[in-house]
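Novice: Any chance you can model this:
(chains A and B)
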Amino acid sequence: MSASIKKESVPKIVALEVLEKNGVNVEKLKESITKGVGAEFTTYYYYTILRMHCTGLEGEGIKEIVEDARIEDRNHFEAMVPRLYELGGNLPRDIRKFADQAGCPDAYLPDNWEDINSILKVLLEAEQCAIRSWGEVCDMTTGKDPRTYDIAQRIMQEEVEHEAWFIELLSKRPSGHFRRRFVGQSPHTGSQGSLIHL
Amino acid sequence: MIVFNINSNDVLVGRRNGKLFSCNNSCPHRGASLSKGDFNGNNIVCYMHGYEYNVFTGKLVHMKSWKKDESWMEQSFEWRKSNDLTLYPVIEKDDIIYLEFGQGN
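Specialist: So this is what the prediction gives:
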(Lines give C-alpha, C1' and ligand atoms only; values in the text may rest on other atoms or scores of the structure.)
Protein backbone atom coordinates (compact mmCIF):
# COMPACT_ATOMS: atom_id res chain seq x y z
CA MET A 1 0.00 0.00 0.00
CA SER A 2 1.35 3.42 -0.86
CA ALA A 3 0.66 6.79 0.70
CA SER A 4 -2.24 8.35 -1.16
CA ILE A 5 -2.97 11.96 -1.91
CA LYS A 6 -6.04 13.56 -3.39
CA LYS A 7 -5.47 13.56 -7.12
CA GLU A 8 -7.35 16.81 -7.67
CA SER A 9 -4.90 18.61 -5.40
CA VAL A 10 -2.09 18.04 -7.92
CA PRO A 11 -2.17 20.53 -10.82
CA LYS A 12 -1.46 19.53 -14.40
CA ILE A 13 2.16 18.42 -14.68
CA VAL A 14 3.65 19.58 -17.95
CA ALA A 15 6.79 17.51 -17.41
CA LEU A 16 4.61 14.38 -17.54
CA GLU A 17 2.44 15.63 -20.40
CA VAL A 18 5.58 16.05 -22.50
CA LEU A 19 6.69 12.49 -21.79
CA GLU A 20 3.32 11.04 -22.78
CA LYS A 21 3.34 13.05 -25.99
CA ASN A 22 6.81 11.66 -26.66
CA GLY A 23 5.37 8.14 -26.38
CA VAL A 24 6.69 7.22 -22.95
CA ASN A 25 4.53 4.73 -21.05
CA VAL A 26 4.91 6.57 -17.75
CA GLU A 27 3.29 3.83 -15.66
CA LYS A 28 5.66 1.20 -17.01
CA LEU A 29 8.59 3.55 -16.57
CA LYS A 30 7.70 4.10 -12.92
CA GLU A 31 7.46 0.32 -12.43
CA SER A 32 10.86 -0.22 -14.03
CA ILE A 33 12.46 2.50 -11.93
CA THR A 34 10.93 1.11 -8.73
CA LYS A 35 12.34 -2.33 -9.59
CA GLY A 36 15.72 -0.79 -10.42
CA VAL A 37 16.05 1.21 -7.21
CA GLY A 38 14.80 -1.83 -5.29
CA ALA A 39 17.69 -3.83 -6.69
CA GLU A 40 20.17 -1.08 -5.77
CA PHE A 41 18.86 -0.92 -2.22
CA THR A 42 18.88 -4.68 -1.63
CA THR A 43 22.28 -4.96 -3.27
CA TYR A 44 23.64 -2.32 -0.88
CA TYR A 45 22.37 -4.46 2.00
CA TYR A 46 23.74 -7.75 0.69
CA TYR A 47 27.07 -6.22 -0.35
CA THR A 48 27.50 -5.16 3.26
CA ILE A 49 27.39 -8.82 4.28
CA LEU A 50 29.64 -9.87 1.40
CA ARG A 51 32.19 -7.20 2.30
CA MET A 52 32.30 -8.37 5.91
CA HIS A 53 33.34 -11.79 4.62
CA CYS A 54 36.21 -10.51 2.50
CA THR A 55 38.91 -11.55 4.92
CA GLY A 56 42.28 -13.23 4.83
CA LEU A 57 45.11 -12.30 2.48
CA GLU A 58 42.98 -12.51 -0.66
CA GLY A 59 39.79 -11.14 0.85
CA GLU A 60 41.38 -8.04 2.34
CA GLY A 61 42.78 -7.30 -1.11
CA ILE A 62 39.33 -6.91 -2.62
CA LYS A 63 37.50 -5.50 0.38
CA GLU A 64 37.92 -1.88 -0.75
CA ILE A 65 36.69 -2.72 -4.25
CA VAL A 66 33.58 -4.33 -2.81
CA GLU A 67 33.12 -1.26 -0.63
CA ASP A 68 33.29 1.06 -3.65
CA ALA A 69 30.61 -0.96 -5.40
CA ARG A 70 28.51 -1.10 -2.22
CA ILE A 71 28.51 2.64 -1.62
CA GLU A 72 28.02 3.43 -5.31
CA ASP A 73 24.99 1.16 -5.47
CA ARG A 74 23.52 3.06 -2.55
CA ASN A 75 24.30 6.27 -4.45
CA HIS A 76 22.31 4.90 -7.39
CA PHE A 77 19.29 4.49 -5.16
CA GLU A 78 19.73 8.07 -3.94
CA ALA A 79 20.20 9.41 -7.46
CA MET A 80 17.09 7.85 -8.99
CA VAL A 81 14.47 7.91 -6.22
CA PRO A 82 13.80 11.67 -6.49
CA ARG A 83 13.05 11.16 -10.18
CA LEU A 84 10.56 8.40 -9.32
CA TYR A 85 8.60 10.86 -7.18
CA GLU A 86 8.80 13.56 -9.86
CA LEU A 87 7.14 11.11 -12.21
CA GLY A 88 4.34 10.64 -9.71
CA GLY A 89 5.57 7.31 -8.40
CA ASN A 90 6.53 6.30 -4.91
CA LEU A 91 8.40 3.68 -2.95
CA PRO A 92 6.24 0.89 -1.51
CA ARG A 93 5.21 1.63 2.06
CA ASP A 94 6.37 -1.83 3.18
CA ILE A 95 10.06 -2.61 2.69
CA ARG A 96 9.23 -6.33 2.30
CA LYS A 97 7.16 -5.51 -0.76
CA PHE A 98 9.97 -3.27 -1.98
CA ALA A 99 12.46 -6.14 -1.74
CA ASP A 100 10.10 -8.69 -3.31
CA GLN A 101 9.57 -6.54 -6.39
CA ALA A 102 13.26 -5.70 -6.89
CA GLY A 103 14.53 -6.12 -10.43
CA CYS A 104 17.44 -8.35 -9.46
CA PRO A 105 17.82 -11.38 -7.22
CA ASP A 106 19.22 -11.09 -3.73
CA ALA A 107 23.03 -11.27 -3.64
CA TYR A 108 23.14 -13.86 -0.89
CA LEU A 109 26.38 -14.80 0.80
CA PRO A 110 27.39 -18.22 -0.58
CA ASP A 111 27.99 -21.07 1.88
CA ASN A 112 31.60 -21.45 0.71
CA TRP A 113 32.43 -17.79 1.24
CA GLU A 114 35.94 -18.65 2.45
CA ASP A 115 36.71 -19.13 -1.25
CA ILE A 116 36.91 -15.50 -2.35
CA ASN A 117 36.05 -16.45 -5.93
CA SER A 118 32.61 -17.57 -4.77
CA ILE A 119 31.92 -14.07 -3.41
CA LEU A 120 33.23 -12.51 -6.62
CA LYS A 121 30.82 -14.62 -8.69
CA VAL A 122 27.86 -13.36 -6.65
CA LEU A 123 29.06 -9.77 -7.04
CA LEU A 124 29.51 -10.20 -10.78
CA GLU A 125 26.05 -11.65 -11.28
CA ALA A 126 24.48 -8.78 -9.33
CA GLU A 127 26.25 -6.17 -11.45
CA GLN A 128 25.29 -7.90 -14.67
CA CYS A 129 21.64 -7.91 -13.68
CA ALA A 130 21.84 -4.21 -12.81
CA ILE A 131 23.28 -3.44 -16.26
CA ARG A 132 20.33 -5.17 -17.91
CA SER A 133 17.87 -3.47 -15.60
CA TRP A 134 19.10 0.09 -16.21
CA GLY A 135 19.57 -0.72 -19.88
CA GLU A 136 15.82 -1.27 -20.02
CA VAL A 137 15.20 2.17 -18.51
CA CYS A 138 17.66 3.73 -20.97
CA ASP A 139 15.87 2.05 -23.88
CA MET A 140 12.49 3.29 -22.67
CA THR A 141 13.64 6.88 -22.30
CA THR A 142 16.24 7.54 -24.96
CA GLY A 143 15.16 10.46 -27.13
CA LYS A 144 11.94 10.78 -25.11
CA ASP A 145 12.72 11.55 -21.49
CA PRO A 146 16.16 13.18 -21.25
CA ARG A 147 15.97 13.69 -17.49
CA THR A 148 15.38 10.04 -16.59
CA TYR A 149 17.72 8.89 -19.34
CA ASP A 150 20.53 11.07 -18.02
CA ILE A 151 20.33 9.57 -14.53
CA ALA A 152 19.87 5.99 -15.79
CA GLN A 153 22.82 6.18 -18.15
CA ARG A 154 25.05 7.56 -15.39
CA ILE A 155 24.07 4.67 -13.13
CA MET A 156 24.62 2.21 -15.94
CA GLN A 157 28.12 3.57 -16.61
CA GLU A 158 29.10 2.83 -13.03
CA GLU A 159 27.49 -0.61 -13.14
CA VAL A 160 29.52 -1.39 -16.27
CA GLU A 161 32.66 -0.36 -14.40
CA HIS A 162 31.72 -2.59 -11.46
CA GLU A 163 31.23 -5.52 -13.82
CA ALA A 164 34.68 -4.88 -15.31
CA TRP A 165 36.27 -4.86 -11.84
CA PHE A 166 34.82 -8.23 -10.90
CA ILE A 167 35.52 -9.81 -14.29
CA GLU A 168 39.13 -8.68 -14.02
CA LEU A 169 39.45 -10.10 -10.53
CA LEU A 170 38.00 -13.42 -11.63
CA SER A 171 39.66 -13.76 -15.03
CA LYS A 172 42.88 -11.72 -14.62
CA ARG A 173 42.28 -10.09 -17.99
CA PRO A 174 44.17 -6.79 -18.53
CA SER A 175 42.53 -3.85 -16.85
CA GLY A 176 41.94 -0.26 -17.97
CA HIS A 177 41.04 1.25 -14.63
CA PHE A 178 42.87 2.21 -11.49
CA ARG A 179 41.10 3.10 -8.27
CA ARG A 180 38.49 5.58 -7.13
CA ARG A 181 39.77 8.83 -5.63
CA PHE A 182 37.79 8.05 -2.49
CA VAL A 183 35.49 5.26 -1.39
CA GLY A 184 32.20 5.26 -3.30
CA GLN A 185 33.23 8.23 -5.45
CA SER A 186 30.52 7.61 -8.07
CA PRO A 187 32.29 9.54 -10.86
CA HIS A 188 29.15 9.55 -13.02
CA THR A 189 26.21 9.77 -10.63
CA GLY A 190 28.15 11.86 -8.10
CA SER A 191 27.07 15.03 -9.83
CA GLN A 192 23.40 14.30 -9.17
CA GLY A 193 21.94 17.01 -6.98
CA SER A 194 20.43 14.65 -4.43
CA LEU A 195 23.78 13.16 -3.46
CA ILE A 196 24.46 15.77 -0.81
CA HIS A 197 27.08 13.62 0.88
CA LEU A 198 29.38 13.81 -2.13
CA MET B 1 10.15 -10.82 -34.32
CA ILE B 2 8.87 -7.26 -34.51
CA VAL B 3 7.77 -4.96 -31.71
CA PHE B 4 4.85 -2.59 -32.32
CA ASN B 5 3.90 0.20 -29.99
CA ILE B 6 0.13 0.31 -29.59
CA ASN B 7 -1.34 2.83 -27.15
CA SER B 8 2.03 3.05 -25.38
CA ASN B 9 2.17 -0.76 -25.01
CA ASP B 10 4.88 -2.78 -26.71
CA VAL B 11 3.42 -5.75 -28.55
CA LEU B 12 5.69 -8.50 -29.83
CA VAL B 13 4.65 -10.27 -33.02
CA GLY B 14 6.59 -13.14 -34.50
CA ARG B 15 6.51 -16.53 -36.15
CA ARG B 16 7.70 -19.77 -34.64
CA ASN B 17 7.83 -22.94 -36.75
CA GLY B 18 5.64 -21.16 -39.30
CA LYS B 19 2.97 -20.26 -36.76
CA LEU B 20 2.18 -16.67 -35.77
CA PHE B 21 2.22 -15.52 -32.16
CA SER B 22 1.61 -12.21 -30.47
CA CYS B 23 2.25 -11.22 -26.87
CA ASN B 24 3.04 -8.31 -24.65
CA ASN B 25 6.74 -7.55 -24.96
CA SER B 26 7.07 -7.03 -21.24
CA CYS B 27 8.23 -10.07 -19.24
CA PRO B 28 5.58 -10.87 -16.61
CA HIS B 29 8.32 -11.47 -14.05
CA ARG B 30 10.19 -8.16 -13.95
CA GLY B 31 9.19 -6.31 -17.09
CA ALA B 32 12.25 -6.87 -19.29
CA SER B 33 11.83 -6.67 -23.07
CA LEU B 34 11.17 -10.18 -24.32
CA SER B 35 12.25 -9.15 -27.82
CA LYS B 36 15.83 -9.22 -26.50
CA GLY B 37 15.47 -12.88 -25.56
CA ASP B 38 16.18 -16.10 -27.42
CA PHE B 39 14.03 -19.13 -28.15
CA ASN B 40 14.10 -22.60 -26.68
CA GLY B 41 11.65 -24.51 -28.88
CA ASN B 42 8.35 -22.65 -28.57
CA ASN B 43 9.49 -20.91 -25.40
CA ILE B 44 10.76 -17.37 -25.35
CA VAL B 45 13.60 -17.05 -22.85
CA CYS B 46 13.79 -13.72 -21.03
CA TYR B 47 17.31 -12.33 -21.26
CA MET B 48 17.14 -10.79 -17.81
CA HIS B 49 16.42 -13.74 -15.51
CA GLY B 50 16.10 -16.70 -17.87
CA TYR B 51 12.39 -17.37 -17.36
CA GLU B 52 10.76 -19.27 -20.22
CA TYR B 53 7.21 -18.72 -21.50
CA ASN B 54 5.43 -20.68 -24.23
CA VAL B 55 4.52 -18.10 -26.90
CA PHE B 56 1.40 -20.04 -27.97
CA THR B 57 -0.09 -20.88 -24.56
CA GLY B 58 1.42 -17.99 -22.59
CA LYS B 59 2.31 -20.37 -19.77
CA LEU B 60 5.39 -19.95 -17.63
CA VAL B 61 7.26 -23.13 -18.54
CA HIS B 62 10.55 -22.76 -16.74
CA MET B 63 11.44 -20.72 -13.69
CA LYS B 64 15.18 -20.40 -13.35
CA SER B 65 16.75 -21.51 -10.12
CA TRP B 66 19.46 -19.43 -8.51
CA LYS B 67 20.81 -22.44 -6.70
CA LYS B 68 23.16 -23.03 -9.60
CA ASP B 69 25.82 -24.11 -7.19
CA GLU B 70 25.30 -26.12 -4.01
CA SER B 71 26.73 -23.21 -2.05
CA TRP B 72 24.20 -20.68 -3.41
CA MET B 73 20.94 -19.97 -1.62
CA GLU B 74 17.66 -20.12 -3.56
CA GLN B 75 15.73 -16.86 -4.02
CA SER B 76 12.51 -16.41 -2.05
CA PHE B 77 9.29 -17.59 -3.65
CA GLU B 78 7.85 -14.07 -3.52
CA TRP B 79 10.71 -12.79 -5.63
CA ARG B 80 10.67 -15.74 -8.03
CA LYS B 81 6.95 -15.92 -8.78
CA SER B 82 5.62 -14.71 -12.11
CA ASN B 83 2.36 -14.43 -13.98
CA ASP B 84 1.90 -16.02 -17.39
CA LEU B 85 2.53 -14.16 -20.61
CA THR B 86 -0.17 -11.83 -21.95
CA LEU B 87 -1.16 -13.11 -25.39
CA TYR B 88 -3.14 -11.32 -28.11
CA PRO B 89 -5.19 -13.12 -30.76
CA VAL B 90 -3.46 -12.87 -34.12
CA ILE B 91 -4.47 -14.12 -37.58
CA GLU B 92 -3.10 -13.82 -41.09
CA LYS B 93 -5.41 -13.27 -44.03
CA ASP B 94 -4.45 -12.36 -47.60
CA ASP B 95 -0.88 -11.63 -46.51
CA ILE B 96 -2.09 -9.16 -43.88
CA ILE B 97 -1.62 -9.81 -40.17
CA TYR B 98 -4.52 -8.82 -37.91
CA LEU B 99 -4.05 -8.41 -34.20
CA GLU B 100 -6.73 -8.04 -31.56
CA PHE B 101 -5.45 -5.67 -28.93
CA GLY B 102 -7.83 -4.76 -26.12
CA GLN B 103 -11.56 -4.49 -26.69
CA GLY B 104 -12.40 -4.14 -30.35
CA ASN B 105 -9.01 -2.70 -31.35
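Novice: contacts and neighbour counts: CA atoms only from here.
Specialist: OK.
Novice: Show me what residue B:22 is bridged to.
Specialist: residue B:13 (DSSP bridges).
Novice: Chain neighbours aside, what residue packs nearest to residue 100?
Specialist: I'll assume chain A. Leaving aside its sequence neighbours, residue A:100 sits nearest to residue B:79 (CA to CA, 6 or more residues apart in numbering or on different chains; 4.8 Å).
Novice: Chain B was what I was after
Specialist: Distances taken as CA to CA, 6+ apart place residue B:89 nearest to residue B:100, at 5.4 Å, with adjacent residues excluded.
Novice: What about the one you found? Give its phi and psi, please.
Specialist: Per-residue torsions, residue B:89: phi -60, psi 140 (degrees, to the nearest 10).
Novice: on that earlier part again, which other residues reach the one helix or strand the residue nearest to residue A:100 maps to?
Specialist: Assignment of secondary structure by DSSP states H and E places residue B:79 within helix B:77-80. The contact list for helix B:77-80, computed with CA atoms under 8 Å, 6 or more residues apart in numbering or on different chains, reads A:99, A:100, A:101, A:102, A:105, B:29, B:63.
Novice: hmm, back to that, now do the residue nearest to residue A:100 against residue A:28, distance only.
Specialist: According to CA to CA, to the nearest Å, residue B:79 and residue A:28 sit 19 Å apart.
Novice: again, but for residue A:52
Specialist: Distance of residue A:52 to residue A:28, computed by CA to CA: 36 Å.
Novice: Please say which of those two ends up with more neighbours.
Specialist: Neighbour count, other CA atoms under 10 Å in any protein chain shown: between residue A:52 and residue A:28, residue A:28 has more, with 16 against 13.
Novice: Is the more buried one in a helix, a strand, or coil?
Specialist: Here residue A:28 is helix, with the state taken from DSSP: H, G, I helix; E, B strand; the rest coil.
Novice: Please give me every residue in contact with the closest residue in space to residue B:35 that isn't next to it in sequence.
Specialist: Leaving aside its sequence neighbours, residue B:35 sits nearest to residue B:25 (CA to CA, 6+ apart; 6.4 Å). Counting by CA under 8 Å, 6+ apart, residue B:25 touches B:3, B:10, B:11, B:12, B:32, B:33, B:34, B:35.
Novice: Could you rerun that using 6 Å?
Specialist: B:10, B:11, B:12, B:33, B:34 (CA atoms under 6 Å, 6 or more residues apart in numbering or on different chains).
Novice: Could you dump those into a markdown table and include secondary structure and pLDDT?
Specialist: Compiled in a markdown table, the contacts of residue B:25 are given as follows (DSSP: H, G, I helix; E, B strand; the rest coil; pLDDT from 0 to 100):
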| residue | secondary structure | pLDDT |
| --- | --- | --- |
| B:10 | strand | 92 |
| B:11 | strand | 95 |
| B:12 | strand | 97 |
| B:33 | strand | 96 |
| B:34 | helix | 98 |
